[in-house]
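# just to be clear, the model below is a prediction. Sequence and coordinates:
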Protein chains: 2
Amino acid sequence: MSGAKTIPTKPIKFNSIDEWHYDTDVVVVGYGGAGSCAAIEAADAGKRVTLFELAAGPGGSTALSSAEIYMGGDGGTRVQAAIGYEDSNQAMIDYLTNCAGPQADVAKIEAYVKGSVDHFNWLVEQGVPFKDSEYKERAIMALTDDCLLYTGSEKAWPFNKTAKPCPRGHNLEVEGDNGGPLFMKVMTENIAKREIDVHLSSRVLSLIQDDDGEVKGVRVRIDMQERNVRAHNGVVLCAGGFVMNEAMVKKFAPGLQKCSIPIGNVGDMGTGILMGMGAGGAAINMHEGFVSVPYYPPASLTYGVFINAQGQRFINEDCYHGRVGSYVLQQTGDRVYLVLSVEDYADYETASYLGAQVAGTGETIEELEEELELPKGQLVQTLGTYNNFAAQGEDPLFHKSAEWLKELKAPYVALDVTPGRGAFLPYFTLGGLDTLPSGEVVSAEGNVIVGLYAAGRTACGVPRRGAGYNSGISVGDATFSGRMAGKAAAARA
Amino acid sequence: MSGAKTIPTKPIKFNSIDEWHYDTDVVVVGYGGAGSCAAIEAADAGKRVTLFELAAGPGGSTALSSAEIYMGGDGGTRVQAAIGYEDSNQAMIDYLTNCAGPQADVAKIEAYVKGSVDHFNWLVEQGVPFKDSEYKERAIMALTDDCLLYTGSEKAWPFNKTAKPCPRGHNLEVEGDNGGPLFMKVMTENIAKREIDVHLSSRVLSLIQDDDGEVKGVRVRIDMQERNVRAHNGVVLCAGGFVMNEAMVKKFAPGLQKCSIPIGNVGDMGTGILMGMGAGGAAINMHEGFVSVPYYPPASLTYGVFINAQGQRFINEDCYHGRVGSYVLQQTGDRVYLVLSVEDYADYETASYLGAQVAGTGETIEELEEELELPKGQLVQTLGTYNNFAAQGEDPLFHKSAEWLKELKAPYVALDVTPGRGAFLPYFTLGGLDTLPSGEVVSAEGNVIVGLYAAGRTACGVPRRGAGYNSGISVGDATFSGRMAGKAAAARA
């Protein structure tokens, strides 16, 4: 925890400050997706904005991502409408509420959905390019410049029972996995166009708070010197999550340690969350994370079945890879395989991110069962049942959709997706500071910490569960919540 | 959140206090199991102790419990030794570490285990009666005055693979479910013997903290007047958990809301945790809770099998009822049944706490399957497999021990243990302030909040997961951690 140890989360007292080196209205901490949007909105509201970034350049974790953006709702985005999808606020609210499960923040989801089409238009105004086209493959991301794709479990049980499915992942108009760099390039150009005071290689060390609990500024290290920055309107923490802070993950989200690769930038050390906690903000949902078993593409692997150490299925395999990841972590016995017909496995090695090893093969199910050392008869029963129902086009156990139901045929292959056995199982955190939809940070009793805002993964936002994650919801939530926080800070009287 | 809203978790500033109405060394907040032990130890160390309790009398949640106490380790307690059980620190540490899972606090577990036999002796010295006898039935508690029983999953897979099983639940020598009242009666007598200043019907409103973060005292409402209490050594928060605070449960442990009955006293409003957070302490593991499906006694229900909406088994039914509860909450499809031979069900209505309704019956498995509207063939397969293996005395799927394996026989009955359908599924919280084994409260970075201690369920202690809970570990942890905190506060220079 050496990294975090050096961060004094305890705020500095306002009345202990002798000299203010900078004077501004809104301080934004972190120059990723959330921070850039917060800074732009605060500046456009006529406020003086000062932006501090730890790294030598802008980007944050948004630049490392694919930057799909999850948007939709009444009337649809321009892209949804052009292709002919009819989305609605209610469907999107119901879907995201189901995704978040018991920990849903419905007020935050409603604000996100009701502002979603406007958010799309705002991004377009900034110059973010979206093509009026669709990417129809089942994929984690579009590698073409096409825009609209399903990036969650919208069409999968149980989500399809309560909300009409609609694709809402918006991929930027750029070839390859380059959405994140392009997005941050556009944001950086927008920052440059405005009179925003940007400091790179600058580490915010502490909040400055008065005796009534109001946040008045920050202390920052710039050019090897500690500087006090007065923020008359407020401080917006957009400093990412805590996935890179091993000690924090161990303390707050120990279940994620089973996964293989933390996803984020080196600044995702939880410093924003820690500073917010030190100022009286509550960190919530800290145990949760996104966890992926990226078994598609190739989409053909969706024809397979996941089985656990009991040789039982445990999920509809046509849902989102992150939902599968979350269930994989829950299985009793710590062995999980993806069993496939070899014919569906053909493209695996070239197309997959999964990196799972072959655990067994068989000309018959019995042979595979034996090779995997599963309890005798279990795989035979499980696949027998699956095949019988698949032949009838139904899955009464897990409700996999007919589109992905197909009898498994010999020869068979099983991939080992057990955590810790070599498969690529990336993860990041979903807990953070509790905020109002405005981005105002609140204490455990729900009292606002005056002058303090958080956005992106420093806050606990719309996405709350690995089991209900959607690609595009992090950049969607980060950019939207960044804007809301920037506006709210600027509007503070 | 009206209850919590009235609690100013923000500490009062030390330098704002004009008058001190009480002057003491150690303030203990809460007169339950943890608080009484903390007060006794601090007093026995020669310090002036002032104890505040919200209720009109002592007791807390300990008095409402069975007050089994989980103890053992090298050499065994007097009772373990008298009966002939050979326990060891290593076995107990390994077991409790497995119980706590990824969120285990190994330092805290080691301290608990290494101090456990001494803790037994200390309790005996205070006058807590334990009989040198054993209760051999599989039960949630002994209703006789016998002492030693298995109160966890020690003999069940997977725990029995890594640690030699030993019974460690110590029931007080009293007939009926009267351990809690007796325990608190003994503690109250011990408090009365010492010069401990006890204030009942007294609500601690806030901590008092100086500018360096040191906790210096509390503000308390006594006789309708707010009073400032100076605590020269420190404040020990023993104010219980937060299971009675609906808003906090919704915010921090929303998954528990599926259960039916919160277990605790009306003071379990999280006020101790909130005050600790306000002073800079980190609350951890806040999503976790104990959740029970109390299906035994009668022990004969252990011969049954739990099945989910897929008609699949999901657990070894010989494990602890709280582990079953935790798995019940995880099942996909929100339907869970306990399927039994009617012959094993005979004593159910008179002996069980479960209160589950009969969901279906059948002269054949097919008939029961149809009545439960399970996917066709699933229950037939599941019970067929179970019976085949049971006949061989093994359960290669979930490793239920041979002792509880028996072929299910017609006629059959299924009890509905789906959350929300009438079965009694009690729960309480397992998250709280992060503390060192000494009881010192620490911040998210691990820095000690000087002068602040927490114990019992205000702290996050040895028990960390519903899936690894043991009866007797809460009162064990509360009393042990209370003693440690009382000693540490008294010893502070």
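Received, thanks. Source: prediction; values computed, not measured.

# mind checking the longest strand of chain A?
Taking DSSP state E as the criterion, chain A has its longest strand at strand A:225-237.

# close to chain B, is the next helix or strand after it?
For strand A:225-237, the succeeding helix or strand toward the C-terminus, using DSSP states H and E, is helix A:246-252. Yes - using C-beta under 8 Å from any C-beta of the partner chain, we find that helix A:246-252 touches chain B at A:247, A:248, A:251, A:252. C-betas here are computed from N, CA, C, even on glycine.

# correct me, but residue A:197 touches residue A:51?
Yes - if you go by C-beta atoms under 8 Å, residue A:197 and residue A:51 touch, sitting 6.9 Å apart.

# on that earlier part again, tabulate the residues of helix A:246-252 next to chain B (JSON lines), appending distance to residue B:28, pLDDT and neighbour count.
Below are the residues of helix A:246-252 next to chain B laid out as JSON lines (distance: C-beta to C-beta, whole Å; pLDDT from 0 to 100; neighbours: other C-beta atoms under 10 Å in any protein chain shown):
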{"residue": "A:247", "distance to residue B:28": "31", "pLDDT": "94", "neighbour count": "18"}
{"residue": "A:248", "distance to residue B:28": "31", "pLDDT": "96", "neighbour count": "28"}
{"residue": "A:251", "distance to residue B:28": "27", "pLDDT": "95", "neighbour count": "25"}
{"residue": "A:252", "distance to residue B:28": "28", "pLDDT": "97", "neighbour count": "28"}
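
# re the thing from before, so residue A:197 and residue A:51 - more neighbours on which side?
residue A:51 (28 against 15; other C-beta atoms under 10 Å in any protein chain shown).

# need phi/psi at that one.
Per-residue torsions, residue A:51: phi -120, psi 120 (degrees, to the nearest 10).

# surely it and residue A:191 touch.
Yes - assessed by C-beta under 8 Å, residue A:51 is found in contact with residue A:191 at 7.1 Å.

# what sits in contact with each of these two?
A:31, A:36, A:39, A:198 (C-beta atoms under 8 Å, 6 or more residues apart in numbering or on different chains).

# ok, so of the residues you listed, who is nearest residue B:93?
The closest of the shared contacts of residue A:51 and residue A:191 to residue B:93 turns out to be residue A:31 (C-beta to C-beta; 46.6 Å).

# isn't the closest one up against residue A:198?
Yes - Residue A:31 is within contact range of residue A:198, at 7.1 Å (criterion: C-beta under 8 Å).

# looking at the two, which is more packed in?
Relative neighbour count places residue A:31 above the other of residue A:31 and residue A:198, with 33 against 19, counting by other C-beta under 10 Å.

# roughly how far apart are that one and residue A:433?
Look at residue A:31 and residue A:433: by C-beta to C-beta, to the nearest Å, they are 19 Å apart.

# ok now the longest helix anywhere in chain A, how far from the chain's centre?
Identified as the longest helix of chain A according to DSSP state H is helix A:473-491. Here helix A:473-491 is found 15 Å from its chain centre; the criterion is C-alpha atoms, centre = their mean, to the nearest Å.

# which strand residues bridge the closest residue to residue A:19 other than its chain neighbours?
For residue A:19, ignoring the flanking residues on the chain, the nearest one in space by C-beta to C-beta, 6 or more residues apart in numbering or on different chains is residue A:228 at 6.4 Å. Going by DSSP bridges, residue A:228 is paired in beta bridges with residue A:219.

# count of residues packed around residue A:228?
So residue A:228, with other C-beta under 10 Å, has 21 neighbours.

# which ones among the shared contacts of residue A:51 and residue A:191 lie within strands?
Within the shared contacts of residue A:51 and residue A:191, residues falling in strands by DSSP E are residue A:198.

# which one of the shared contacts of residue A:51 and residue A:191 is nearest residue B:182?
Nearest to residue B:182 among these, counting by C-beta to C-beta, is residue A:31 at 62.3 Å.

# distance of the closest one from residue A:286?
Noted for residue A:31: a distance of 25 Å to residue A:286, by C-beta to C-beta.

# do residue A:219 as well
According to C-beta to C-beta, residue A:219 and residue A:286 sit 26 Å apart.

# more neighbours, these two?
residue A:286 (29 against 19).

# where do the helices sit along the stretch 351-493 of chain A?
Ranges of helices within the stretch 351-493 of chain A are A:365-371, A:378-391, A:473-491, based on DSSP state H, counting those that start in this stretch.

# out of these, which is the most enclosed?
Among these, ranked by average contacts under mean count of other C-beta atoms under 10 Å in any protein chain shown, first place goes to helix A:473-491 (a mean of 28).

# excluding sequence neighbours, find me the nearest residue to residue A:222.
residue A:202 (4.7 Å).

# how many residues are close by the one you found?
When neighbours are counted by other C-beta under 10 Å, residue A:202 registers 22.

# ditto for residue A:144
Neighbour count for residue A:144, taken as other C-beta under 10 Å: 17.

# equivalent analysis for residue A:364, please.
12.

# I'd guessed it sits against residue A:410; true?
Yes - using C-beta under 8 Å, residue A:364 is in contact with residue A:410, at 6.2 Å.

# overlap of the contact sets of those two?
If you check residue A:364 and residue A:410 against C-beta under 8 Å, 6+ apart, no residue is contacted by both.

# ok, now how distant is residue A:446 from residue A:391?
For residue A:446 relative to residue A:391 (C-beta to C-beta), the value is 54 Å.

# touching, residue A:148 and residue A:173? I think so.
No - the criterion here is C-beta under 8 Å, and residue A:148 misses it with residue A:173 at 11.4 Å.

# run through the residues that contact residue A:424.
The contact partners of residue A:424, by C-beta under 8 Å, 6+ apart, come to A:260, A:261, A:294, A:353, A:354, A:355, A:356.

# just curious, which of those is nearest to chain B?
When the contacts of residue A:424 are ranked by distance to chain B (C-beta to the nearest C-beta), residue A:260 comes first, at 15.0 Å.

# now the closest one, nearest residue through space, not along the chain?
residue A:425 (4.6 Å).

# can you name the residues that contact that neighbour?
Going by C-beta under 8 Å, 6+ apart, residue A:425 touches A:258, A:259, A:260, A:261, A:291, A:292, A:293, A:325, A:328, A:417, A:419.

# which single one of these is nearest to chain B?
Nearest member of the contacts of residue A:425 to chain B, counting by C-beta to the nearest C-beta, is residue A:258, at 7.4 Å.

# quickly note the distance from that closest one to residue B:101.
Using C-beta to C-beta, residue A:258 is found at 11 Å from residue B:101.

# residue A:51 now?
41 Å.

# before we move on, what about residue A:399?
30 Å.

# show me where pLDDT drops low in the stretch 1-150 of chain A?
A:1-8 (pLDDT under 70).

# change it to 90
Along the stretch 1-150 of chain A, segments meeting pLDDT under 90 span A:1-10, A:139-143.

# contacting residues around residue A:407?
A:387, A:390, A:391.

# restrict stretch A:337-355 to CA atoms and write it as CSV.
Presented in CSV, the C-alpha positions along stretch A:337-355 are these (Å, rounded to 0.1, in the frame of the first residue of the first chain):
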residue,chain,number,x,y,z
TYR,A,337,-15.0,-25.3,-18.5
LEU,A,338,-16.5,-24.1,-21.8
VAL,A,339,-17.5,-27.3,-23.7
LEU,A,340,-17.8,-26.9,-27.5
SER,A,341,-18.3,-28.9,-30.6
VAL,A,342,-15.0,-28.7,-32.4
GLU,A,343,-16.8,-27.3,-35.5
ASP,A,344,-17.7,-24.2,-33.4
TYR,A,345,-14.2,-23.9,-32.1
ALA,A,346,-12.5,-23.5,-35.5
ASP,A,347,-11.8,-19.8,-35.3
TYR,A,348,-11.0,-19.8,-31.6
GLU,A,349,-7.2,-19.4,-31.7
THR,A,350,-7.2,-16.5,-34.2
ALA,A,351,-10.2,-14.6,-33.0
SER,A,352,-10.4,-14.9,-29.2
TYR,A,353,-9.0,-12.8,-26.4
LEU,A,354,-9.7,-15.5,-23.9
GLY,A,355,-6.4,-17.4,-24.0
